[in-house]
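>>> whatever this is, show me its structure:
(4 chains)
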2 protein chains.
Amino acid sequence: MARIAIKSSKPAPALELNLQAAKSAATRARLIDATIRCIIKYGYSRTTTPRVAEEAGMSRGAMLHHFENGGTLMQAAIAELHEKRLRAFRQSAGSSVHEVHTLVRAYWKQISGQTFTAFHELALASRTDKGLASILVPAQDEFRLRWYRQAIELFPEWQGDRARFDLALALSQNVLEGMAINRLTHGLDERMVEPILNDLERQIEALKPLSVKG
Amino acid sequence: MARIAIKSSKPAPALELNLQAAKSAATRARLIDATIRCIIKYGYSRTTTPRVAEEAGMSRGAMLHHFENGGTLMQAAIAELHEKRLRAFRQSAGSSVHEVHTLVRAYWKQISGQTFTAFHELALASRTDKGLASILVPAQDEFRLRWYRQAIELFPEWQGDRARFDLALALSQNVLEGMAINRLTHGLDERMVEPILNDLERQIEALKPLSVKG
DNA sequence: GTAAAAACAATCATGATTGTCTTTAATATT
DNA sequence: AATATTAAAGACAATCATGATTGTTTTTAC
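Residues are numbered from 1 along each chain as shown, chains lettered A, B, ... in the order given. This is a model prediction of the structure:
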């Protein structure tokens, strides 16, 4: 796929009651899903327009009818990926369970899925691709912000000691994402997953203020 | 750069006392360094043979005289990168200081350098590139094995409780690499680095057997 | 001092990817 | 039913990376 061009967002087309365009939306969704699957299968750099078209089971001409160019499609795929992440996150955090154990396992499960794989492919590619970074970084920032806010809501009594609260969050993020990425790159001993998760949980509990621990 | 072909290693050429070949070795080294710089600057997938030649300040023809094709050069670059990592590691671990604090900082400093950046570029690319994986994975395995052995040498008294020893190592690896990768991908709050490092150190100390702690 | 070998440079043909443009089929509106 | 609009497919030229080939210069060896 071509490097994503940095361009000003085009003005939204006139809002019209397009009834038959629903079918078009389905085709667009198929293309977006195919793009995400390609990122997972082939990696970002080998996610090319012919490959995506083939994965979606349609011609490249049809594909370019729905997305003016490869960059636009990638942009849409990133938006969808971001929505996926947010949905999974809401599902994890919104289950009305505030136990550390449950939350850690939920986030670990989420981060072990292919959506995270795709996101990391994009994140690393964006290190050397400014155009990609310009559309990925806002999504990353929003996700982290929501993560942080959700954590505050889940542990309101912890807010007195913000330093230890932030440490618990940062520790969780780095340990879990570190494991997930090491798993992607042949670097994780699966036998250590359980011990590490258990240790992280104990660690978080230990960081809680005394008033919350009981 | 082309995807790396999986082929049997060619038989070593007759060992001759080639005195003037030292110059050739210098040129090869220049090309290998240029390759590594390109991986860092442009990422693995955009490290192409013209770019490497330009970075090395020589023609592509000259480059292909020293390395029969792009894959061979990449292979040599990976070997050099691996050596670099091992050298830095020996320097970190061999300083006759067995304090957790010193060792954590040394590994963090090492992993914060560009050599690790290049290695992670390769590691993630190898997820979807079997040819690359076939030459990268052995290097990764060897590094981890040496890491483990070195750790055993540094803490001989800890070997009674192998489970907690392994946990301390795995924890260190995942936290530090997680931070390093998050830093690469716009995901690390630099203000949290010190607190996390300090916490990791305390964590390791807490995992030591009582007989060693004092 | 000449011959051989190596270092280096330049060009060529091939294959892949990209975006644009044209053509055909399907569908909706009048 | 006729026509206009959209979906879909295919053809096209431009760009780029690759490996191979050929030619030129420098260095080493005899």
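>>> what is the least confident helix or strand in chain A?
helix A:210-213 (a mean of 63; mean pLDDT, DSSP states H and E).
>>> low-scoring stretches of chain A, by residue?
A:2-21, A:211-214 (pLDDT under 70).
>>> now whatever residue of it ends up closest to DNA strand D: which helix or strand?
Chain A approaches DNA strand D most closely through A:Gly61 (2.1 Å), counting by C-beta to the nearest atom of the strand. Quick note: C-beta positions are derived from backbone N, CA and C, even for glycine. Using DSSP states H and E, A:Gly61 sits in helix A:60-66.
>>> now swap in A:Leu200 and tell me
According to DSSP H and E, A:Leu200 maps onto helix A:193-207.
>>> do A:Met58 as well
Here A:Met58 sits in a region with no helix or strand, counting by DSSP H and E.
>>> show me what the helix holding A:Gly61 is packed against.
With contacts taken as 3 or more C-beta pairs under 8 Å, 6 or more residues apart in numbering or on different chains; DSSP states H and E, helix A:60-66 sits against helix A:21-42, helix A:49-56.
>>> hmm, that helix touching DNA strand C?
Yes. Against DNA strand C, helix A:60-66 shows contacts by C-beta under 7 Å from any atom of the strand at A:Arg60, A:Gly61, A:Leu64.
>>> pull out the buried residues from that helix.
Across helix A:60-66, burial judged by 16 or more other C-beta atoms under 10 Å in any protein chain shown covers A:Arg60, A:Met63, A:His66.
>>> one step back: closest one to A:Ile204 among the helices and strands packed on helix A:60-66?
Proximity to A:Ile204 (C-beta to C-beta) singles out helix A:21-42 among the helices and strands packed on helix A:60-66, at 30.5 Å.
>>> can you pull the contacts of the spatially most central residue of chain A?
Nearest to the geometric centre of chain A sits A:Arg85, at 4.4 Å (C-alpha atoms, centre = their mean). Under the criterion of C-beta atoms under 8 Å, 6 or more residues apart in numbering or on different chains, the neighbours of A:Arg85 are A:Gln110, A:Thr115, A:Phe116, A:Phe119, A:Phe143.
>>> quick one, what contacts the last one?
So the one you mean is A:Phe143. A:His82, A:Arg85, A:Leu86, A:Phe89.
>>> any chance of those residues in TSV, plus distance to A:Arg30 and secondary structure?
Converted to TSV, the contacts of A:Phe143 look like this (distance: C-beta to C-beta, whole Å; DSSP: H, G, I helix; E, B strand; the rest coil):
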residue	distance to A:Arg30	secondary structure
A:His82	19	helix
A:Arg85	20	helix
A:Leu86	21	helix
A:Phe89	25	helix
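>>> out of these, who's near DNA strand C?
Within those, nothing lies near DNA strand C by C-beta under 7 Å from any atom of the strand.
>>> now, among the residues you listed, which is nearest to B:Glu157?
Distances from B:Glu157 to those, taken by C-beta to C-beta, are shortest for A:Phe89, at 43.7 Å.
>>> quick check: residues of chain A near DNA strand C?
Residues of chain A lying near DNA strand C (C-beta under 7 Å from any atom of the strand): A:1-2, A:19-20, A:46, A:48-51, A:60-61, A:64, A:68-71.
>>> now restrict the residues you listed to buried residues only.
The neighbour count (16+ other C-beta under 10 Å) marks A:Met1, A:Arg46, A:Thr49, A:Arg51, A:Arg60, A:Gly70, A:Gly71 as buried among those.
>>> how much space separates the residue lying closest to the third one once chain neighbours are set aside from A:Arg28?
The shortest distance from A:Thr49 to any non-neighbouring residue, by C-beta to C-beta, 6 or more residues apart in numbering or on different chains, is to A:Gly70 (4.8 Å). Relative to A:Arg28, A:Gly70 is positioned 14 Å away (C-beta to C-beta, to the nearest Å).
>>> what residues does chain A have near DNA strand D?
Residues of chain A lying near DNA strand D (C-beta under 7 Å from any atom of the strand): A:Ala21, A:Lys23, A:Ser24, A:Thr27, A:Met58, A:Ser59, A:Arg60, A:Gly61, A:Ala62, A:Leu64, A:His65, A:His66.
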